[in-house]
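Undergrad: Pasting the sequence and the predicted model now:
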Amino acid sequence: MAILINEQTRVIIQGITGREGVVRAELMKDYGTNVIAGVTPGRGGRDVYGIPVYDSVEEAREKEGPIDASVVFIPAALVKNAALEAMAAGVKLLVIVPDRVPIYDVLEIARAAKDAGARFVGPNTLGLLSPGKAVLGMIGGRAQRAREWFKPGAVGVSSRSGGMTSAIAYYLTQAGFGQSTIVHVGGDAIVGSSHPEVMELFERDPETKAVAMFGEIGTTQEERVADLIAAGKFTKPLVAYIGGKAAKSGTRFSHAGAIVEGTRGSYDSKVQRLGEVGVHVVDAVADIPATLRKLGSNLHI
């Protein structure tokens, strides 16, 4: 199985006729994602790689039928309106790729998603990929490379870094561990589906036997994962690497969401809390497959 997406997921691309939209539409379609339509206001009637383009999400729904997910390649200032439009048309999963989405816009999207029973990944995300099934966003870059780098299997991947998302999954594949779903939760301070939410989804997926997580300084996502484990809400083996060991208080590290204030969200607090609940915290990303191998005989992965 997989979380969030599979080969049946009916997908649209908002902003499909823009530069990024065109390139990523090719990736998603070539990989086998069930992309049923694109949306760009004023560009209805066109097509991109055989994908029909409509002026609105509602028009796409009327012409193509129910929509499960939308990948958003809209300029940051317009993301909120695009997300609200999609949810109003019944879309339950949004992948918000752009960075620099205004924080108050993200909060409005989050409130609307809660009211609609919807979920979003991002902002500032490469998206997600279920190997052999579908990719939403830009993980892998090109379809052939995505097929080579990522293989179906039993290890879930959740990461706060786009580069590390692909790197961890690639290292897993090279070590013989396939992946169930690969999720880049996004690098901003506020994201729709953070590590804890992703862990809860992996917990419910019967084919995910273990999870690899890339965390970093800033926010309390990793500490909240530890809280889930302590509460018995995540029970599967978790191997984690935390970036930002050398960062001092007040240091911004790589992403908007990675900033240390005092001890809250610091490297030491994350490593200590995760260790307390039995998470296997490694010193290097390359150590993740080796640690999983030690666990593998008991996990059948």
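TA: Great, that's in hand. Numbers count the residues shown, from 1 in each chain.
Undergrad: separation between residue 121 and residue 186?
TA: 7 Å (CB to CB, to the nearest Å). Every C-beta, even on glycine, is put in place using the N, C-alpha and C of the backbone.
Undergrad: tell me, what's touching those two both at once?
TA: Residues touching both residue 121 and residue 186 (CB atoms under 8 Å, 6 or more residues apart in numbering): 96, 192.
Undergrad: between those two, who's got more neighbours?
TA: When neighbours are counted by other CB atoms under 10 Å, residue 121 and residue 186 differ, and residue 186 comes out ahead with 32 against 29.
Undergrad: Looks like that one contacts residue 122 (just checking).
TA: Yes - between residue 186 and residue 122 there is a contact under CB atoms under 8 Å: 4.3 Å.
Undergrad: Give the buried residues for stretch 57-68.
TA: 57-58, 60-61, 67-68 (16 or more other CB atoms under 10 Å).
Undergrad: before we move on, the earlier item: anything in contact with each of residue 186 and residue 122?
TA: Joint contacts of residue 186 and residue 122 (CB under 8 Å, 6+ apart) are 96, 192.
Undergrad: Go through the buried residues of stretch 57-68 and flag which are in helices.
TA: 57-58, 60-61 (DSSP state H).
Undergrad: can you put these in TSV and add distance to residue 232?
TA: Below are those laid out as TSV (distance: CB to CB, whole Å):
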residue	distance to residue 232
57	39
58	43
60	42
61	40
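Undergrad: Could you point out which of the buried residues of stretch 57-68 is nearest to residue 219?
TA: Comparing the buried residues of stretch 57-68 against residue 219 with CB to CB places residue 68 closest, at 28.4 Å.
Undergrad: coming back round to it: farthest-separated two in the ones in helices among the buried residues of stretch 57-68?
TA: 58 and 60 (7.2 Å).
Undergrad: Touching both of these two, which residues are there?
TA: If you check residue 58 and residue 60 against CB under 8 Å, 6+ apart, the residues they both contact are residue 89.
Undergrad: For the buried residues of stretch 57-68, give me CSV that also has distance to residue 113.
TA: Formatted as CSV, these follow (distance: CB to CB, whole Å):
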residue, distance to residue 113
57, 15
58, 18
60, 19
61, 18
67, 15
68, 14
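Undergrad: of all the residues you listed, which two lie farthest apart?
TA: 58 and 68 (15.5 Å).
Undergrad: What are the boundaries of the helices in this protein?
TA: 19-31, 57-64, 79-88, 103-116, 143-149, 162-174, 195-204, 221-230, 267-276, 287-299.
Undergrad: Report how many residues lie close to residue 223.
TA: Neighbour number of residue 223 under other CB under 10 Å is 18.
Undergrad: any low-confidence regions in the chain?
TA: Within the chain, the stretches with pLDDT under 70 are 246-264, 297-301.
Undergrad: okay, now the domains of it?
TA: 1-125, 150-301 (automatic domain parsing).
Undergrad: so which of those domains gets nearest residue 132?
TA: Using CB to CB, the nearest of those to residue 132 is domain 150-301, at 4.4 Å.
Undergrad: quick one, what contacts the nearest residue to residue 17 once chain neighbours are set aside?
TA: Distances taken as CB to CB, 6 or more residues apart in numbering place residue 40 nearest to residue 17, at 4.3 Å, with adjacent residues excluded. By CB under 8 Å, 6+ apart, the contact set of residue 40 is 14-18, 21, 53, 55.
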